[in-house]
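Participant: Kindly return the folded structure for what I paste below:
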Amino acid sequence: MAGEVLAALAVIRAEREDAEGFRSVFAAVLQRLEGICESERDRWRGLVDLVLSFALLRRPAEEHEAPLAAARNSQVEQAHREEIV
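Facilitator: Residues are numbered from 1 along each chain as shown. Predicted coordinates for the structure are as follows:
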């Protein structure tokens, strides 16, 4: 259970990475979080919101489209994609 929270914290730790490094960590975290999207819906939503908000607030504006696209594309189910901004 705590594993997903620790994974989400990896996005914060990657703040100073270059764009490619940050995208790699961000994508890996989203992939891990997808594992709880059905069983722990509220927790999943909160953690996705956390990592996405962090990316949009702390990364340069020219990088903003990449995390948004990664968040949407990380979800296999169309309904889950629609829940993401």
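
Participant: Name the residues of stretch 18-27 that come out as buried.
Facilitator: By neighbour count on 16 or more other Cβ atoms under 10 Å, the buried set for stretch 18-27 is 22-23, 25-27. Every C-beta, even on glycine, is put in place using the N, C-alpha and C of the backbone.

Participant: Kindly report the same for stretch 4-16.
Facilitator: For stretch 4-16, by 16+ other Cβ under 10 Å, it's 4, 7-8, 11, 14.

Participant: which one of the residues you listed is nearest residue 70?
Facilitator: residue 11 (11.0 Å; Cβ to Cβ).

Participant: which ones are touching the closest one?
Facilitator: Counting by Cβ atoms under 8 Å, 6 or more residues apart in numbering, residue 11 makes contact with 22, 25-26, 29, 51, 54-55.

Participant: So which of the residues you listed belong to strands?
Facilitator: Among the contacts of residue 11, no member is found in strands (DSSP state E).

Participant: show me where pLDDT drops low in this protein?
Facilitator: Scanning the chain for pLDDT under 70 picks out the ranges 1, 75-85.

Participant: So which residues of it form helices?
Facilitator: 2-13, 19-34, 41-58, 65-73, 78-83 (DSSP state H).

Participant: Compute the inter-axis angle for the first one and helix 41-58.
Facilitator: Taking axes from the mean of the first three to the mean of the last three Cα atoms, to 10 degrees, helix 2-13 and helix 41-58 form an angle of 10 degrees between their directions.

Participant: gap between helix 2-13 and the chain center?
Facilitator: Chain-centre distance of helix 2-13: 10 Å, with Cα atoms, centre = their mean, to the nearest Å.

Participant: can you check stretch 33-48 too?
Facilitator: 11 Å.

Participant: who touches stretch 39-56?
Facilitator: 4-5, 8, 11-12, 15, 22, 26, 29-30, 33-34, 36-37, 63-64, 67-68, 71, 83-85.
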